[in-house]
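> Structure, please.
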Amino acid sequence: MSIPFSNTHYRIPQGFGNLLEGLTREILREQPDNIPAFAAAYFENLLEKREKTNFDPAEWGAKVDDRFYNNHAFKEQEPPEKVGTEKEKSQTTLINETPATDSESSEEDKEKEENAAIKIQAVFRGHLAREEMKRVKSVHDGTEEAEEDE
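Residues are numbered from 1 along each chain as shown. Model prediction:
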């Protein structure tokens, strides 16, 4: 009795997928008649370049993949606006080494709330403006159609 499916997972060597992607890209660009001969020439060319420049595209691709899939620091970064304001805040806190009082923290909270309210209002006004433009366009399109019928 044979088993039609197996749960065996083969590991692809690091950089191998990048080499195959590069080969595939060049095959699609060049559209060669003899793909195996083209692949042999492509890999010979890569070997020559690697020997001359000490640059291995497979190793480089493996490092890029490793950086992308295993380093999650890029997911946790904050937008540049927040980073800039935090730097300014940290500089001001270094200058003013006195601890913040309740009144100072409440002022900061009020400022944050006010900025949030401004953003909400701006988004809502934009929404109203878009709805108004849709209405104007529909009325304008309706009058053009009525004029064409006459």
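> in what helix or strand does the closest residue in space to residue 32 that isn't next to it in sequence lie?
Nearest non-adjacent residue to residue 32, counting by Cβ to Cβ, 6 or more residues apart in numbering: residue 38, 3.9 Å away. For the C-beta atoms, the positions are set from N, CA and C on the backbone; glycine is no exception. Assigned by DSSP states H and E, residue 38 belongs to helix 35-53.
> Residues contacting that helix, please?
19, 22-23, 26-27, 30, 32, 55-57 (Cβ atoms under 8 Å, 6 or more residues apart in numbering).
> which one of the residues you listed has the most neighbours?
residue 19 (18 neighbours; other Cβ atoms under 10 Å).
> Name the nearest residue to it, sequence neighbours excluded.
That would be residue 58: by Cβ to Cβ, 6+ apart, it lies 5.1 Å from residue 19.
> Model confidence for that neighbour, exactly?
On pLDDT, residue 58 comes in at 78.
> Which neighbouring residues are in contact with it, exactly?
Applying Cβ under 8 Å, 6+ apart, the residues near residue 58 are 14-16, 18-19.
> Flag the least confident of the contacts of helix 35-53.
residue 57 (77).
> Can you tell me how far it is from residue 44?
Look at residue 57 and residue 44: by Cβ to Cβ, to the nearest Å, they are 14 Å apart.
> do the same with residue 131
In this view, residue 131 and residue 44 are 63 Å apart by Cβ to Cβ.
> Next, count neighbours for residue 15.
So residue 15, with other Cβ under 10 Å, has 19 neighbours.
> That one - nearest residue in space that isn't next to it in sequence?
Here the residue nearest residue 15, using Cβ to Cβ, 6+ apart, is residue 58, at 3.1 Å.
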